[in-house]
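Enquirer: need coordinates for the following:
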Amino acid sequence: MNPLAFSTLGTPGAPVAEVVRIAAEHGCAGVELRCADGEIIAPDTPAAGLRAVARAFAAADIEIVAVCSYTRVARPDGDPVAEVLRHVEIAETLGARYVRVFGGVEGQSDPASAAAKRLAEVAAQLPDNGVDVLLETHDVFLTGQAVAAVLSGIGSERVGALWDVVNPWRAGEAPARTADALAPHLRHVQIKDAASPADLAPVLPGHGAVGVPAVLAELDRIGYTGYLALEWERAWYPDAPPVGAALAAFREVLGR
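Expert: Model prediction:
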């Protein structure tokens, strides 16, 4: 049975104690922590602060599964490689196993080659610390096939895939195709639901048009055993119900 988690995207600005309480009340073994200003962790959080966060979650027996960065590895400006490696350092201090990254920006020339080059550079510099980097189905790489095309050119087990189930769906990729494309690379899955590809406001899991049960069936078919993480986007949609209501629906659609 896949362990459950949720993203702090659903608890914007909440302190550690509140996130711990929600996880315990809803049977979540893990959390994803957004790495952003105003959240529990940010890119400039000092090591002592990170260690305090790690201790608080460890005391509650809740795993910090992923550090969710907002780095777009293929973007043409800045130093995305250094940014990713900084997030890897943060994840190591927290005891997290993954760092989430995004792809590129719309209108960019050949983002797949740029992403593969940058992620290969990251892979070559990763310390032996148990932290892997995951490219999410997002932005210019909405589909499983697009993410798999980038990852297949890297050849490192330290760089894998994160399946955000809404994005391949809104791009028209069937769950079976996404699952088949990502199967060799898949480490983590974010579950959410929406009313239509044109309306991505949060809908309680199982109550929208994404077809969450079909996604779950495909994950079973490919033998996925990792976390299922609710991504409830209350940070972007503050009028959405509290994350507790979404977690209750999440458990219901999972039959738990």
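
Enquirer: next, the contact list for the residue nearest to residue 8 when sequence neighbours are not counted, please.
Expert: Leaving aside its sequence neighbours, residue 8 sits nearest to residue 34 (CB to CB, 6 or more residues apart in numbering; 5.0 Å). Placement of C-beta: from N, CA and C, glycine included. Taking CB atoms under 8 Å, 6 or more residues apart in numbering, we find residue 34 in contact with 7, 8, 9, 40, 41, 68, 235.

Enquirer: just the buried ones among these, please.
Expert: 7, 8, 9, 40, 41, 68, 235 (16 or more other CB atoms under 10 Å).

Enquirer: mind checking how far the last one is from residue 241?
Expert: What it means is residue 235. 14 Å (CB to CB, to the nearest Å).

Enquirer: same question for the third one.
Expert: Taking CB to CB as the criterion, residue 9 is separated from residue 241 by 14 Å.

Enquirer: can you give me the strands for the stretch 151-256 of the chain?
Expert: In the stretch 151-256 of the chain, the strands defined using DSSP state E, counting those that start in this stretch lie at 159-164, 186-191, 228-230.

Enquirer: that older thread, the contacts of residue 34: which two are farthest apart?
Expert: Farthest-apart pair in those is 41 and 235; separation 14.5 Å (CB to CB).

Enquirer: a markdown table please, covering the contacts of residue 34 and showing secondary structure, pLDDT and distance to residue 218.
Expert: Shown next, in a markdown table, are the contacts of residue 34 (DSSP: H, G, I helix; E, B strand; the rest coil; pLDDT from 0 to 100; distance: CB to CB, whole Å):
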| residue | secondary structure | pLDDT | distance to residue 218 |
| --- | --- | --- | --- |
| 7 | strand | 98 | 21 |
| 8 | helix | 98 | 27 |
| 9 | helix | 98 | 24 |
| 40 | coil | 98 | 32 |
| 41 | strand | 98 | 32 |
| 68 | strand | 98 | 23 |
| 235 | coil | 96 | 28 |
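
Enquirer: please consider this matter closed, and thank you.
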